[in-house]
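>>> okay, sequence plus prediction incoming.
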Amino acid sequence: MTKRIALMATSLEIGGVQSVTVTNARILSNAGYDVDVLLARKSGPLIAQMPKSVRIIDLSAKRTIAALPALVRYIRAAAPDLLLPATAQYNVLCLLAVTLCRSNAKVITGTHSDPHVEFGSHRLKRPVMLFAARALYPRAAAHMSVSRESGRSLEILARLPSGSVRTIYNAIDLEPVSAGQASTHPWLDCKKGRVVISAGRLSPEKDHETLICAFQSVVRDLPDVRLVIFGDGPSRTKLQDLVAKLGLSGTVDLPGFTHQIRADMAAADLFVLPSRVEGFGNVIVEALAEGTPVISTDCDFGPREILDKEFLVPVGDADQMAKRICAAFANPQKIDRTNIQRFGLPVIAREIIDLVASV
């Protein structure tokens with residue numbers, strides 16, 4: 001008998017968790033499951049990428065806790081066999097809703113970023129989240145995390161048995177998808193000089209500030225190298241002011257979001273991820289899949305599980321980042337595609353399906 005599985009996320013705006021939600025929905029639907037995607041707010045361009053076989057349900061909630069009544073109604077009406085929430089808040093919410101409904105539905109908790117960040121830093125929110133997680137997480141059928149270290153961190157924070165969190169990396173399409181697509185930035189099109197790119201939400205945890213500061217040193221040694229940072233977010237104005245202050249206006253550009261990041265990766269000479277924290281780091285694997293060398297900060301948690309140490313630099317260290325960028329041009333990285341096969345869609349799809357079947 002076909003089983004019904006419900007995935008849960010805030011929305012389908014552009015973002016790592018949202019992209020993973022779409023991918024996992026597709027994997028499970030292709031495996032023959034009836035799949036519902038529950039959204040606190042039915043919004044975002046990734047809705048268009050959701051398979052037609054997947055039902056999208058709008059819980060119409062402005063805040064996480066406000067989604068509880070609608071979630072309870074959904075569980076009672078649809079009787080899902082399994083719930084797959086995407087964040088700590090929704091893990092707690094789904095476990096609470098199943099308990100209130102006295103439902104037989106099982107929950108597999110999902111951890112897609114640093115658990116310390118997911119549980120929050122607010123002096124009121126954090127203790128409430130920790131209390132709820134420690135009370136409710138043991139009721140889950142299984143726990144899934146996108147990196148080994150984030151799984152270990154979750155075990156400590158939620159007081160779960162050691163080894164109880166299963167690592168399943170995010171599934172990445174490893175086939176180069178840039179064929180036939182033009183890059184979206186003129187610097188990448190004309191290729192007058194070498195171009196470094198980065199991509200991600202323009203927010204403090206992504207730390208593009210350090211990358212921009214590093215570039216002040218890079219261009220002194222390599223004046224033909226330029227930097228393009230794709231993405232948008234609350235730090236845009238601050239970053240633009242920094243570019244102007246450092247006299248890098250003709251060297252560093254922040255063009256906004258791109259719908260063809262893989263094509264831009266393929267056209268670039270180097271991809272740099274300067275984050276202070278990551279759950280996994282999808283963009284690292286995507287860039288490598290397009291044949292583009294990568295440098296990343298050695299941040300918690302994903303990059304060191306993808307890249308060798310020689311391609312990692314300390315978090316927030318502009319000097320070391322600049323040296324590593326210059327070294328990358330002096331000695332170009334050879335991409336070993338066999339090293340990234342473990343993140344490929346077929347491998348991860350099988351791991352997800354096996355986990356679902358086991359519970």
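Cool, got the structure. These numbers were taken from a predicted model, which means no experiment stands behind them.
>>> please enumerate the helices of the stretch 1-150 of the chain.
Using DSSP state H, counting those that start in this stretch, the helices found in the stretch 1-150 of the chain span residues 16-30, 68-78, 88-101, 115-118, 125-136, 148-157.
>>> which of those sits closest to Val294?
Between Val294 and the helices of the stretch 1-150 of the chain, the tightest spacing by C-beta to C-beta is seen for helix 16-30, at 16.1 Å. In this view, the C-beta of every residue, glycine as well, is placed from N, C-alpha and C.
>>> state the mean pLDDT of that closest one.
Regarding helix 16-30, the rounded mean pLDDT is 93.
>>> what of stretch 151-166?
95.
>>> and the contacts of it?
Under the contact criterion C-beta atoms under 8 Å, 6 or more residues apart in numbering, stretch 151-166 has outside partners 111, 114-116, 119, 130, 133-134, 137-138, 142-145, 167, 300-301, 355.
>>> buried only: go through these for me.
111, 114-116, 119, 130, 133, 137, 142-145, 167, 300-301, 355 (16 or more other C-beta atoms under 10 Å).
>>> what is the most widely separated pair among the residues you listed?
Among the buried ones among the contacts of stretch 151-166, the pair separated by the greatest distance (C-beta to C-beta) is Leu130 and Leu355, at 25.4 Å.
>>> show me what the helix or strand bottoming out on mean pLDDT in the chain is packed up against.
Using mean pLDDT, DSSP states H and E, helix 115-118 stands out as the lowest-scoring helix or strand of the chain, at a mean of 85. For helix 115-118, the packing partners by 3 or more C-beta pairs under 8 Å, 6 or more residues apart in numbering; DSSP states H and E come out as helix 88-101, helix 148-157.
>>> ok, residues contacting the longest one?
Outside helix 88-101, the residues that touch it by C-beta under 8 Å, 6+ apart are 8-10, 64-65, 67-68, 71-72, 75-76, 83, 85, 103, 105, 107, 109-111, 115, 118-119, 129, 132-133, 136-137, 139-140.
>>> cool, and stretch 26-36?
If you take C-beta under 8 Å, 6+ apart as the criterion, stretch 26-36 is touched by 2-7, 25, 50-51, 53-57, 74, 78, 80, 171, 345, 348-349, 352-353, 356.
>>> give me the buried subset of these.
Listed as buried from the contacts of stretch 26-36 are 4-7, 25, 50, 54-55, 57, 74, 78, 80, 171, 348-349, 352-353, 356; burial here means 16+ other C-beta under 10 Å.
>>> out of those, which sit inside strands?
Among the buried ones among the contacts of stretch 26-36, the members found in strands (DSSP state E) are Arg4, Ile5, Ala6, Leu7, Arg55, Ile57.
>>> relative to Ile47, how far out is the last one?
To Ile47, Ile57 is 12 Å away according to C-beta to C-beta, to the nearest Å.
>>> now the first one
Using C-beta to C-beta, Arg4 is found at 20 Å from Ile47.
>>> now Asp253: phi and psi?
phi -130, psi 140 (degrees, to the nearest 10).
>>> go on, Leu227?
For Leu227, the backbone dihedrals (degrees, to the nearest 10) come out as phi -130, psi 130.
>>> okay, the helices of the stretch 1-150 of the chain, which one's buried deepest?
helix 88-101 (a mean of 23; mean count of other C-beta atoms under 10 Å).
>>> tell me the angle it makes with helix 148-157.
If you take axes from the mean of the first three to the mean of the last three C-alpha atoms, to 10 degrees, helix 88-101 sits at 50 degrees to helix 148-157.
>>> export helix 88-101 as CSV, just CAs?
As requested, the backbone C-alpha atoms of helix 88-101 are provided in CSV (Å, rounded to 0.1, in the frame of the first residue of the first chain):
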residue,chain,number,x,y,z
ALA,A,88,14.5,22.3,14.6
GLN,A,89,11.4,24.4,15.1
TYR,A,90,9.4,22.2,12.7
ASN,A,91,10.8,19.0,14.2
VAL,A,92,9.4,20.1,17.6
LEU,A,93,6.2,21.3,16.0
CYS,A,94,5.6,18.0,14.2
LEU,A,95,6.4,15.9,17.2
LEU,A,96,4.1,18.0,19.3
ALA,A,97,1.3,17.8,16.8
VAL,A,98,1.6,14.0,16.5
THR,A,99,1.5,13.7,20.3
LEU,A,100,-1.6,15.9,20.5
CYS,A,101,-3.4,14.0,17.8
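>>> pull the distance from that helix to the chain's centre.
23 Å (C-alpha atoms, centre = their mean, to the nearest Å).
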